[in-house]
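>>> predicted coordinates and the sequence they were generated for:
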Amino acid sequence: MPWATPAQAHELNGHVSVEARLFANAPLYPEQERNNGSIALAPEYYHEWTNGSSFIFVPFLRLDSADSARTHFDMRELNFLLLGNPWELRIGIAKVFWGVTEFVHLIDIINQTDLVEDLRGEDKLGQPMVHLSVPSSWGVLDFFVLPYFRERTFPGQEGRLRTPITIDTDNPVYESSAEEKHVDFGFRYSQVFDFGDIGLYYFKGTGRDPLFIPSVNSGGQPVLLPFYQLIDQAGLDLQLVAGNWLWKLEALSQDNEAENFYAATGGFEYTFVGVGDSSMDLGLIAEFAYDDRDDEAATSFENDLLLGLRLGVNDSAGTELLAGLSYDLDSRGNVLRFEASRRITDTLKIFLEGWAFFNVEPDDTSLYSIRDDGFIRLQFFYYF
Amino acid sequence: MKKKFLRYHSIELVIFLLMLLLLQPGQGQAETAEDKGLALAIEADRRDSGYGDSTAGMLMILRNKHGQESRREMRYRTLEVENDGDMSLTIFDSPKDVKGTAFLNYTHKVGDDDQWLYLPALKRVKRISSSNKSGSFMGSEFAYEDIANQEVEKYTYKWLRDEIYENRDCFVTERYPVDKKNSGYSRQVAWLDRNEYRIWKVEYYDRKNAHLKTLTISGHQQYNESFWRPEKMFMVNHQTGKSTELQFSNYRFKVGLSPDDFNKNSLKRVK
């Protein structure tokens, strides 16, 4: 149904950001530069016709002073939305997020992670797709055809927060003979209730999380080749709401050539509204992440406890803080992170992020090579 | 013996009824201040029902006690739901860092509302805890419970008095939140005019019964020859000296919205 309000014709918005990442310790590997500066540009063009259909174009460019792999361009979005009644069809490069938990984005699978952007795994690469969504009173059905695979980005030789042997993203290995042209499919059912939201999905195609094959590149250097398997994956996301409590669960079961496994993450967030007679909200978050592959997990979360504090100041500058601590119950390694943001003016925003790694033992493969990479990231965003 | 007993009691009953009539001259039945307060709320709600759906533009001006201003622009869409609270969707246009953020609310007459927030950068729809009634809406002096649909069932009532407020004959009525645990208020005092049941002023008293805020409403206009909507709402916080002005524009009614315009899909689609 078209809105009677005027459609947005030829809107141009977006942001440009500058950042500095300052690392507490000297790098572990000789090729790495200690700190880096960077700028990023993300304009957005949007046009909506009076019938509600629309077109969006969002390119993204980052230039990094230290790491050539972090200097990259990506088409975040370039798609048409055809609005039926009530169905909608999106064709082109787009982004879809599934999931409910705060720290681990376990079941999110449609878009590949743009890992050079940030450690939280929330930055995603644009995914070519045909996406049909059909809402009804008994839930929403989403159908996806994904005709082209996007490889994960990884820091390069000069970049920090990388594996000891660098990942050769120029020579990925695919299980499918069609390689990145393998057509993937997804289907999802979701519904909302008074007491919470539920989603169930099935995905068949090339898995987004790679395994790594040790190899030697043409220059004789040891490298890791990303290996992308064909998978069948079923996923669940569930969120229950009761007063100040939010209960969350994400779970998946995956079948691939080598193994079948399951993984889950879940927990709660409890919010204190108006702490100490102020207008601030304080949220306490506790989540647990489990993967039955143990140490072979392609994720760094195989048996981890994650605790968080979220402070919403509710001021006119929109000040927000989030602190998180993860604790690996097997290897005992810890990751401490915080992030804070606020507006300085109506068009300028400051974002501060910090990460620290400690108690990391040599057998903790996911953290050991970044044990000295604790850093502070300061960003300024200008919105236009 | 039995007959006499009956007759005796019949006479007593007649006397009792006569006394009741004498004690309440001109009144067919007893109406307490609580009954009258509830009746006023029901009548105000009845007069506003049947609007179907509507859209409006909103400009929010936040001022601190030094007079410094910041502005937010929003669009608001709402759909009347038969036998339950209304559905609404608020889309933020500025400040630019929150542009495209949208807030979906299913009001319920009884129990907590259902609320979702859409974060466009992550393309993520977050179910949020609706017990956050007393929390500030967008850093303004309006709490979520102030801007939510004012369903009759969310309060209990008491009529206080009739008085002239700004040259209008008004009912002054008090209301008490049913959800005492999550509301920021012990009570609210509202001024409604007798002619059209429009609210002109509300005083908010915090949980300690101290006067916290005053809302004044102005520029009521009638649409479709039936529904009254204000042009401006002004909320001042007496304890902090901050204020928020909310200006409405482009009210439209019966534009053809349906429940499909108030689901998670439409939330993700907004721009």
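Looks like it arrived, so ask away.

>>> and the stretch 1-150 of chain A, which of its residues are near chain B?
For the stretch 1-150 of chain A, the residues in contact with chain B (C-beta under 8 Å from any C-beta of the partner chain) are A:1, A:3-5, A:8, A:11, A:13, A:15, A:46, A:48, A:54, A:81, A:83, A:85-86, A:88, A:95-97, A:99-100, A:122, A:133, A:135, A:140. Glycine gets a C-beta too; all of them are placed from N, C-alpha and C.

>>> beta-bridge partners for A:Tyr290, please?
Under DSSP bridges, the beta-bridge partners of A:Tyr290 are A:Ala264, A:Asn303.

>>> I'd like to know how many residues surround it.
A count of nearby residues for A:Tyr290, using other C-beta atoms under 10 Å in any protein chain shown, gives 19.

>>> which residues does it contact?
A:Ala263, A:Ala264, A:Thr265, A:Glu302, A:Asn303 (C-beta atoms under 8 Å, 6 or more residues apart in numbering or on different chains).

>>> re the thing from before, now, of the residues of the stretch 1-150 of chain A next to chain B, which are buried?
Among those, those that count as buried by neighbour count (16 or more other C-beta atoms under 10 Å in any protein chain shown) are A:1, A:3-5, A:13, A:15, A:46, A:48, A:54, A:81, A:83, A:86, A:88, A:95-97, A:99-100, A:133, A:135, A:140.

>>> hang on, the earlier thing: kindly indicate which of the contacts of A:Tyr290 lies nearest chain B.
Proximity of those to chain B (C-beta to the nearest C-beta) peaks at A:Thr265, which lies at 15.6 Å.

>>> can you tell me how far the closest one is from A:Gln8?
Using C-beta to C-beta, to the nearest Å, one gets 37 Å for the distance from A:Thr265 to A:Gln8.

>>> same question, B:Trp191
39 Å.

>>> residues from the stretch 201-350 of chain A in reach of chain B?
A:239, A:241, A:243-246, A:269, A:271, A:273-274, A:279, A:281, A:312, A:314-318, A:343, A:346-347, A:349.

>>> list only those of those residues flagged as buried.
Buried members of those, counted by 16+ other C-beta under 10 Å: A:239, A:241, A:244, A:246, A:269, A:271, A:273-274, A:279, A:281, A:312, A:314-318, A:343, A:349.

>>> one step back: now go through the residues of the stretch 201-350 of chain A next to chain B and say which are in strands.
Among those, the members falling in strands (DSSP state E) are A:Gln239, A:Val241, A:Trp245, A:Leu246, A:Glu269, A:Thr271, A:Val273, A:Asp281, A:Gly312, A:Arg343, A:Lys349.

>>> okay, who's weakest in those by pLDDT?
The weakest per-residue confidence within those falls on A:Val273 (86).

>>> beta partners of it?
Bridge pairing for A:Val273 - DSSP bridges - gives A:Asp281.

>>> next one: phi and psi at the spatially most central residue of chain A?
Centroid check for chain A by C-alpha atoms, centre = their mean gives A:Glu122 as the closest residue, at 2.3 Å. Note on A:Glu122: its backbone torsions stand at phi -100, psi -10 [degrees, to the nearest 10].

>>> how about B:Arg269?
Residue torsions, per degrees, to the nearest 10, at B:Arg269 are phi -90, psi -20.

>>> can I get stretch A:184-196 in PDB, CA atoms only?
Written as PDB, here are the backbone C-alpha positions of stretch A:184-196 (Å, rounded to 0.1, in the frame of the first residue of the first chain):
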ATOM      1  CA  ASP A 184      22.900 -20.700  -2.700                       C
ATOM      2  CA  PHE A 185      19.400 -20.900  -1.400                       C
ATOM      3  CA  GLY A 186      17.800 -19.700   1.800                       C
ATOM      4  CA  PHE A 187      14.300 -20.000   3.300                       C
ATOM      5  CA  ARG A 188      13.100 -18.400   6.500                       C
ATOM      6  CA  TYR A 189       9.900 -18.300   8.500                       C
ATOM      7  CA  SER A 190       9.500 -15.700  11.300                       C
ATOM      8  CA  GLN A 191       6.600 -14.600  13.500                       C
ATOM      9  CA  VAL A 192       6.100 -12.200  16.300                       C
ATOM     10  CA  PHE A 193       4.000 -12.700  19.400                       C
ATOM     11  CA  ASP A 194       3.100 -10.600  22.500                       C
ATOM     12  CA  PHE A 195       5.700 -12.600  24.400                       C
ATOM     13  CA  GLY A 196       8.500 -12.600  21.800                       C
END
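
>>> buried residues of that stretch, list them for me.
Neighbour-count burial for stretch A:184-196 [16+ other C-beta under 10 Å]: A:Asp184, A:Gly186, A:Arg188, A:Ser190, A:Gln191, A:Val192, A:Gly196.

>>> also near chain B: which of those, exactly?
When contact is defined as C-beta under 8 Å from any C-beta, those meet chain B at A:Ser190, A:Val192, A:Gly196.

>>> and B:Leu40, how far from chain A?
Note on B:Leu40: its distance to chain A, by C-beta to the nearest C-beta, to the nearest Å, is 30 Å.

>>> what residues does the stretch 151-271 of chain B have near chain A?
Residues of the stretch 151-271 of chain B found near chain A, taking C-beta under 8 Å from any C-beta as the criterion, are B:182, B:184, B:250, B:252, B:255-258, B:260-261, B:263-265, B:269, B:271.

>>> my guess is A:Asp363 contacts A:Gly333. True?
No - judged on C-beta atoms under 8 Å, A:Asp363 makes no contact with A:Gly333 at a distance of 9.6 Å.

>>> look at the two and report which has more neighbours.
For A:Asp363 and A:Gly333, the more surrounded residue by other C-beta under 10 Å is A:Gly333, and the numbers stand at 21 against 10.

>>> quick one, what contacts that one?
A:Gly333 neighbours (C-beta under 8 Å, 6+ apart): A:Phe357, A:Phe358, A:Asn359, A:Val360, A:Glu361, A:Asp364, A:Leu367.

>>> doesn't the fifth one fall inside a helix?
No - using DSSP: H, G, I helix; E, B strand; the rest coil, the assignment for A:Glu361 is coil, not a helix.

>>> so who does it touch?
Contacts of A:Glu361 by C-beta under 8 Å, 6+ apart are A:Ser331, A:Arg332, A:Gly333, A:Tyr368.

>>> what's the spacing between it and chain B?
Using C-beta to the nearest C-beta, A:Glu361 is found at 33 Å from chain B.

>>> and the gap between that residue and A:Arg332?
With the distance defined as C-beta to C-beta, A:Glu361 ends up 7 Å from A:Arg332.

>>> try A:Gln229
Between A:Gln229 and A:Arg332 the distance is 30 Å, computed by C-beta to C-beta.

>>> compare the two (neighbour count), which wins?
Per other C-beta under 10 Å, whichever of A:Gln229 and A:Arg332 has more neighbours is A:Gln229, with 19 against 12.

>>> what is the burial count for B:Arg46?
B:Arg46, neighbours per other C-beta under 10 Å, totals 11.

>>> checking it next. Helix, strand or coil?
Using three-state DSSP, the structure places B:Arg46 in helix.

>>> ditto for B:Glu43
Secondary structure, three-state DSSP: B:Glu43 is helix.

>>> how about it, what does it touch?
Neighbouring residues of B:Glu43 by C-beta under 8 Å, 6+ apart: B:Tyr197.

>>> if I look at it, how far off is chain A?
Noted for B:Glu43: a distance of 29 Å to chain A, by C-beta to the nearest C-beta.
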